[in-house]
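Trainee: From the sequence below, what's the structure:
(2 chains)
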Protein chains: 2
Amino acid sequence: MQEPPHITLADIEAARRTIAGHVLRTPILAAPPLSALTGADVYVKYENLQVTNSFKERGACAKLTALGPAERRRGVIAMSAGNHAQAVAYHARRLAVPATIVMPITTPFVKVKVTEAFGATVVLHGETLAEAQVRAAVIAGERNLVWVHPYDDAHIIAGQGTIALEMLEEVPELDVMIVPIGGGGLIAGNTIAAHAIKPGIEVVGVECALYPSMWNAIHGGKKPCGGATLAEGIAVSAAGALTLPIVREHVHDIILVDEPQIERAVNAFLTLQKTMAEGAGAAGLAAMLAAPDRFAGRKVGLILCGGNIDPRILASIMVRELEREDRIVSFRLTIPDRPGILGQIASRLGELGANILSVDHHRLFLDVPAKGAKLDVTVETRDGAHAEQILRTLLADGYQPVRMEGGAALE
Amino acid sequence: MQEPPHITLADIEAARRTIAGHVLRTPILAAPPLSALTGADVYVKYENLQVTNSFKERGACAKLTALGPAERRRGVIAMSAGNHAQAVAYHARRLAVPATIVMPITTPFVKVKVTEAFGATVVLHGETLAEAQVRAAVIAGERNLVWVHPYDDAHIIAGQGTIALEMLEEVPELDVMIVPIGGGGLIAGNTIAAHAIKPGIEVVGVECALYPSMWNAIHGGKKPCGGATLAEGIAVSAAGALTLPIVREHVHDIILVDEPQIERAVNAFLTLQKTMAEGAGAAGLAAMLAAPDRFAGRKVGLILCGGNIDPRILASIMVRELEREDRIVSFRLTIPDRPGILGQIASRLGELGANILSVDHHRLFLDVPAKGAKLDVTVETRDGAHAEQILRTLLADGYQPVRMEGGAALE
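Mentor: Numbers count the residues shown, from 1 in each chain, chains lettered A, B, ... in the order given. Alright, predicted model coming up:
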């Protein structure tokens, strides 16, 4: 077995000099609304403000700049359906290095388009990342291209580690950093940098519960990996060969977060900090929601590592959160089917201060009396107490309201 | 007539010392994706990262801190349905000054709740801001409270002007600043600061076309003010008495932006910069979309002055933009009403790579043959060309597709 390269603070400082001026030095800012939410003293590093909206540019820039003239002429190849693809494409164009990116055919078209817009040649192949990976290896061999691995590469790891240098320079009093783990490149670089600068700092990793690959590797666990997660950016089924020993040596703990926690964290970034976090980008905050006692009262640095989330998914998360808070409520009423009833109900809802969002009128359900009908109504309320008041009033009016969720009757 | 106070760079520098440590020094960052969109070299000052998510804290903090002990004991009153309310409430609590905020009864409940959460006493009164204003004046007199005006106040103006100090310190090479105008406090303070530091800089104001009050005042125009705007934060019907002469002396030009431009700008901040801008917060970018030639090739500083936008409005803006780009397309098909047809059409759409978002099946329309039905389908496409291909194929299949917009048939 090959001895893994030893990555040091000096390597990360060198990477920092390499990427200076080409990768944004993103702000790290106190986030009082998130502090109020979590009971900790929260600081956020806004990596979603990078040109391609994720931290991946740091590693990609460090790696591509380190290539010699012959390698640059040969060109590079990477496999990714997401942020690594855009980061490699963007910095390859900047450095005039030809780039080929292999993506699964299931990749959302907008991501293909963005990657092509940065001048990369995109090859669509395979249903899964694994199939695309096989194809990428074949093309790399055929065309003699330089492989740019998303995490198992010393330059990539050193590049990602520059985040901790910036964070601890601006907020040296951080007690703990929470870092999302996919393959482990981000946490490997940052834990080396953080511990070299401030040995006492705690570094906590976070994985989504559906893909606990690093957790398994560290704890000898056998939790299954798989399923659809909002945090597809860290949905990696096997820990990296280079990153695993670094995580084992340096990382204090790995917290697993479930999908509702990730969703709440994405929503909190949006509604409290007015910033877009993709699932993986919000994973650190999700870990705080999962284990609030662990972080209460401490100075916590979060890396908002990416902001590439589909606007429709974001919209649906926001609406679901409003439903969860009973600020959007759907119910089905049973009404006599005669003129004027809808007007009466709408006026009643108006008096109650409920804002009607949608109305659906059904005459054909089998459980409706021949002269009756069902009315599905969705309203906006002030809060849970207001929602209850509205339902109680409609009950007293004889409309037999039944709560529904997501448009389907619950009872 | 009373001589208006003369506000100078020294006043703004004093305000800066006052607010230091209490108001966030927000980042100003290059925004390459917005530069690519506009053809200019765009820098964004992220005032939406303030605790209450708008620049209003600067003025509120400067004003409240300037109060003497007796005034602090009396307490303050303000009238606002929006960002000024939260800013005054937040800094009043911090300084232990009792605060009363008068809001119209139409204020969204969430804004009332947030303001109360900062410890302010909220009085709901009147249908409009004008009616709330009258009530606030009465209460101020009755209870001997100190009035905190949202813009016609020298301390408020000096506080807002601290933004330009920070911007020109970090990006001294800016050629032009674009500043939203409501009552004019933001632009008055910032134009004084900017011109004192860098006399050659151009300062351009922006108002929404529905409320061109400062434009009217400067140009002797009589354009009407009124209507529902996405930029409610700058929907002010009369220019400020203190701010107007400053704008007249210092501001080079006022650009009026229409609602579609504001909507596009909000969407661009969200999808390209992953940050939330309310309508007023995106007004500067909207001005660049309205007059691209005016800014092409120049270094432009935008103040993203606020991020308080209702999540549901944001979601609807994103979806409308996807519809505009034909990435979400709705159409109505005429189909024979027999088993298996829906399956055939769904399979066909799958082959074409169209992702079905919704299906509605109608048998009862009068223009449908007795044995026929209408099917309303909404699909997600890759782009306009893909949408056209889908519709052409369905036409060739005999389903007579008719494009619809927002769920209603166009033709």
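
Trainee: The stretch 151-300 of chain A: strands as residue ranges?
Mentor: A:176-180, A:202-208, A:253-257, A:299-304 (DSSP state E, counting those that start in this stretch).

Trainee: same thing with the stretch 1-150 of chain A?
Mentor: Using DSSP E, counting those that start in this stretch, strands in the stretch 1-150 of chain A cover A:28-30, A:41-46, A:76-79, A:99-103, A:121-124, A:146-147.

Trainee: Identify whichever of the strands of the stretch 151-300 of chain A lies nearest to chain B.
Mentor: When the strands of the stretch 151-300 of chain A are compared by Cβ to the nearest Cβ, strand A:299-304 sits nearest chain B, at 9.2 Å. The way it works is simple: take the backbone N, C-alpha and C, and place the C-beta from them, glycine included.

Trainee: So which other helices or strands are in contact with the closest one?
Mentor: Judged by 3 or more Cβ pairs under 8 Å, 6 or more residues apart in numbering or on different chains; DSSP states H and E, strand A:299-304 is in contact with strand A:41-46, helix A:162-170, strand A:176-180, helix A:283-290.

Trainee: who touches it?
Mentor: A:28, A:31, A:34, A:38, A:40-48, A:55, A:163, A:167, A:171, A:173-180, A:186, A:190, A:269, A:275, A:277, A:281-282, A:284-285, A:288 (Cβ atoms under 8 Å, 6 or more residues apart in numbering or on different chains).

Trainee: Mind listing the strands it pairs with, and their directions?
Mentor: strand A:41-46 (parallel), strand A:176-180 (parallel) (DSSP bridges).

Trainee: Need the winner for burial among these.
Mentor: strand A:176-180 (a mean of 26; mean count of other Cβ atoms under 10 Å in any protein chain shown).

Trainee: Quick check: which ranges of the stretch 251-400 of chain A have low pLDDT?
Mentor: Residues of the stretch 251-400 of chain A meeting the criterion pLDDT under 70: A:363-370.

Trainee: Kindly report the residues of it close to chain B.
Mentor: Contact residues (Cβ under 8 Å from any Cβ of the partner chain) of the stretch 251-400 of chain A with chain B: A:270-271, A:273-276, A:307-308, A:311-312, A:314-316, A:318-319, A:321-322, A:327, A:382-383.

Trainee: which of the residues you listed count as buried?
Mentor: Among these, the ones that count as buried by 16 or more other Cβ atoms under 10 Å in any protein chain shown are A:270-271, A:273-276, A:307-308, A:311-312, A:314-315, A:318-319, A:321-322, A:327, A:382.

Trainee: OK, contacts around the closest residue to A:Asn144 other than its chain neighbours?
Mentor: Leaving out its chain neighbours, the residue that sits closest to A:Asn144 by Cβ to Cβ, 6 or more residues apart in numbering or on different chains is A:Arg74, at 5.6 Å. Counting by Cβ under 8 Å, 6+ apart, A:Arg74 makes contact with A:144-146.

Trainee: What score does the residue nearest to A:Pro172 when sequence neighbours are not counted have for pLDDT?
Mentor: Sequence neighbours aside, A:Lys198 is the residue nearest to A:Pro172 in space, at 7.0 Å (criterion: Cβ to Cβ, 6+ apart). The model reports A:Lys198 with a pLDDT of 98.

Trainee: A:Lys198: what's it in contact with?
Mentor: Residues counted as contacts of A:Lys198 (Cβ under 8 Å, 6+ apart) are A:168, A:172, A:174.

Trainee: And the residue nearest to A:Asn144, how far from A:Ala62?
Mentor: According to Cβ to Cβ, to the nearest Å, A:Arg74 and A:Ala62 sit 19 Å apart.

Trainee: would you turn the strands paired with strand A:299-304 into JSON lines with distance to A:Arg93 and mean pLDDT?
Mentor: Output for the strands paired with strand A:299-304, formatted as JSON lines (distance: least, Cβ to Cβ, whole Å; pLDDT from 0 to 100):
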{"stretch": "strand A:41-46", "distance to A:Arg93": "24", "mean pLDDT": "98"}
{"stretch": "strand A:176-180", "distance to A:Arg93": "27", "mean pLDDT": "98"}
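
Trainee: Between the ones you listed, which one is closest to B:Val102.
Mentor: The minimum distance between B:Val102 and these falls on strand A:41-46, with 33.0 Å, by Cβ to Cβ.
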